[in-house]
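**Q** Here is my input, please return the structure:
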Amino acid sequence: MSEFLRNWLMVVVFGGLAVVLVGIFIGLSSLLRPKRATVQKVMNYESGVDPQGDRWSQSNIRYYVFALMFVLFDVEAVFIFPWAARLESYSVFGLVEMAIFIFILALGLFYAWRKRLLRWI
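**A** As a prediction, this is how the structure comes out:
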């Protein structure tokens, strides 16, 4: 067996071991936990506010757009930090690529702003 396949076999073995251990611990916790359901335990939790109305309600799409915008700019930061750390080695090509990347993200932000998706209320 080649060194490459041996390394991947170790990854598969440790991944399988992790899945088995997680399954064992979840199964063990479901057997050992107390199972006394009370009215307070099964009630929906809404950030410290007593729930009102039906359990099923439709949420405003604006909250999901805010979450997606957060993820978008969070991922942007993940890509910009390594680039900024190695800026000297990328020279002009890296600068142009990052400018294009930031421009595309700015277009997305401008589009969301023009559609008034950034208004919280």
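
**Q** Residue 26: neighbour count?
**A** Look at residue 26: counted by other Cβ atoms under 10 Å, it has 10 neighbours. C-betas here are computed from N, CA, C, even on glycine.

**Q** Assumed it was part of a helix.
**A** Yes - with DSSP: H, G, I helix; E, B strand; the rest coil as the criterion, residue 26 is located in a helix.

**Q** Give me the distance between it and residue 4.
**A** 33 Å (Cβ to Cβ, to the nearest Å).

**Q** would you list every one of the helices in the chain?
**A** For the chain, applying DSSP state H gives helices covering 3-32, 39-42, 61-85, 87-114.

**Q** quick one: buried residues of the last one?
**A** What it means is helix 87-114. Applying a neighbour-count criterion of 16 or more other Cβ atoms under 10 Å, one finds 98, 105, 112 buried in helix 87-114.

**Q** Mean confidence (pLDDT) on it, please.
**A** For helix 87-114, the mean pLDDT works out to 87.

**Q** Centre of the chain to that helix, how far?
**A** 22 Å (Cα atoms, centre = their mean, to the nearest Å).

**Q** Pop out the phi and psi values for residue 117.
**A** Torsion angles at residue 117 (phi, psi; degrees, to the nearest 10) stand at phi -90, psi -10.

**Q** Can you tell me the closest non-neighbouring residue to it?
**A** residue 65 (4.8 Å; Cβ to Cβ, 6 or more residues apart in numbering).

**Q** is it true that that neighbour touches residue 113?
**A** No - if you go by Cβ atoms under 8 Å, residue 65 and residue 113 don't touch, sitting 11.6 Å apart.

**Q** remind me which residues of this structure are low pLDDT?
**A** 45-55, 57, 120-121 (pLDDT under 70).

**Q** count of residues packed around residue 19?
**A** A count of nearby residues for residue 19, using other Cβ under 10 Å, gives 10.

**Q** For residue 108, see how far away the residue nearest to the spatial centre of the chain is.
**A** Nearest residue to the geometric centre of the chain (Cα atoms, centre = their mean): residue 71, 7.0 Å. From residue 71 over to residue 108 the distance is 12 Å, taken as Cβ to Cβ.

**Q** who's in contact with residue 101?
**A** For residue 101, the contacting residues are 76, 79, by Cβ atoms under 8 Å, 6 or more residues apart in numbering.
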